[in-house]
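Undergrad: What follows is a predicted structure for the sequence shown.
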Amino acid sequence: MSERPDIGDSVPDIALETPEGGSVKVSDFKGEKLVLFFYPKDNTPGCTTENVDFSALAADFAAAGTKLLGISKDSAKKHQNFIAKHDLKAPLATDPETDGLADALGIWVEKSMYGRQYMGMERTTYLVDGEGKIARVWRKVKVKGHAAEVLAAAQEL
């Protein structure tokens, strides 16, 4: 993809697998605000903190009329274990390995660690309005305080 969707653009309506074996897509939330938070990998320190933080604020997001959906490339089985291990309240979904939502949003990117190049998820969060359009975007997210910042934005929307 040459250009990343940005504020005012529609989120591509690509089906994601749920840990229960079903599927979910942005159009399922029409008429509701939605937070899509993309993170690299279940059970890693930053990703665990991010998921726990969003889960801790799940009732506040619900009170603000906002649904949550955490997304990574992890399998449905890994998501089930992650949810159970950390008692997560924010629903999770699995993005397909190729041609998925992260690809369409331009956040499945080449990364580098210790000189090794690999493909990975760029930690990114989207606040989506009831029409499926991007209202806010946070790129290359720093986890500390992020969920609270997104909640404040959702309350204002």
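TA: Yep, that arrived.
Undergrad: What ranges in this structure fall below the confidence cut-off?
TA: Across the chain, the ranges flagged by pLDDT under 70 are 1-2.
Undergrad: Could I get the full set of strands for it?
TA: Remark: strands assigned in the chain by DSSP state E are 16-17, 23-24, 33-38, 66-72, 92-94, 108-113, 116-121, 124-128, 134-138.
Undergrad: Show me which parts of the fourth one are buried, residue by residue.
TA: Judged by neighbour count using 16 or more other C-beta atoms under 10 Å, the buried positions of strand 66-72 are 66-72. Bear in mind the C-beta positions are built from the backbone N, C-alpha and C, glycine included.
Undergrad: So which residue is dead centre in this structure?
TA: F37 (2.1 Å; C-alpha atoms, centre = their mean).
Undergrad: Which residue, neighbours along the chain excluded, lies closest to that residue?
TA: Once flanking residues are discounted, F37 sits nearest to T125: 4.4 Å by C-beta to C-beta, 6 or more residues apart in numbering.
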